[in-house]
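Engineer: Sequence and predicted structure below; questions after.
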Amino acid sequence: MLNLDFWTGRLRLLGLIAVAISIATWAMELSGLVYVCPYCRTQRTVIGLLGLLMLTPNPGFWISRYLGAVLGVFGLVVGSTQHFNGWRKVMKGEFVLSPKVYDDAFLLSGAAIFIIVAQVLLLYAYRKPAVMMAEPVSPGA
């Protein structure tokens, strides 16, 4: 499981999971279970869009990687800003962990950072499987 090929081999499954996470978190907000947060909206949207890029026929194509890098940087900046705001509260002694863990911006922004970095890593690590030829071609033929 620590081998990167293990994870790139399951890229489409992981992409589906990322899209499902994005849809589920949007549904939680739209149903009123969590508060409206522009940071969270950005992170969940980036996770979903990166998941869609992971589902493309060739996620290793340069356009997929370029879009993934742009989206990833944007999502990471937003997630890091939100997470840093939590650390600022910790340093001031004002931090209080939310009783609803699924609604704690500090924990969720940290998780989003890990997810987004993993998605971009997988897009860049993906290699399209080589096509096998039916018969070997000899150099003299």
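Structural biologist: In hand now; what should we look at?

Engineer: Would you confirm that G60 contacts K128?
Structural biologist: Yes - with contacts counted by CB atoms under 8 Å, G60 reaches K128, the gap being 5.6 Å. Heads up, the C-betas are built off the backbone N, CA and C, glycines and all.

Engineer: Where in the protein is the helix or strand with the lowest mean pLDDT?
Structural biologist: The helix or strand of the chain with the poorest confidence is helix 4-8; it has a mean of 91 (mean pLDDT, DSSP states H and E).

Engineer: so how many other residues sit close to the nearest residue to R127 once chain neighbours are set aside?
Structural biologist: Nearest residue to R127, sequence neighbours excluded (CB to CB, 6 or more residues apart in numbering): G60, at 6.0 Å. By the criterion of other CB atoms under 10 Å, G60 has 16 neighbours.

Engineer: Please list all residues in contact with G60.
Structural biologist: Applying CB atoms under 8 Å, 6 or more residues apart in numbering to G60 gives the contacts L123, Y124, Y126, R127, K128.

Engineer: buried residues in the lengthiest helix in the chain?
Structural biologist: Scanning the chain for the longest helix, with DSSP state H as the assignment, gives helix 62-92. The neighbour-count criterion (16 or more other CB atoms under 10 Å) identifies 64-65, 67-68, 71-72, 74-76, 78-79, 82-83, 86 as the buried residues of helix 62-92.

Engineer: same thing with stretch 18-35?
Structural biologist: Neighbour-count burial for stretch 18-35 flags A18, V19, I21, S22, T25, V34 (criterion: 16+ other CB under 10 Å).

Engineer: Please enumerate residues in contact with that stretch?
Structural biologist: 36-37, 40-41, 44-45, 47-52, 54-55, 102-103, 115, 119.

Engineer: again, only using 10 Å
Structural biologist: For stretch 18-35, the surrounding residues in contact (CB atoms under 10 Å, 6 or more residues apart in numbering) are 36-37, 40-41, 43-55, 98, 100, 102-105, 108, 111-112, 115-116, 118-119, 122.

Engineer: Would you pull up how far the helix or strand harbouring V19 lies from the middle of the chain?
Structural biologist: V19 belongs to helix 11-30 when assigned by DSSP states H and E. On the basis of CA atoms, centre = their mean, to the nearest Å, helix 11-30 sits 10 Å off its chain's mean C-alpha point.
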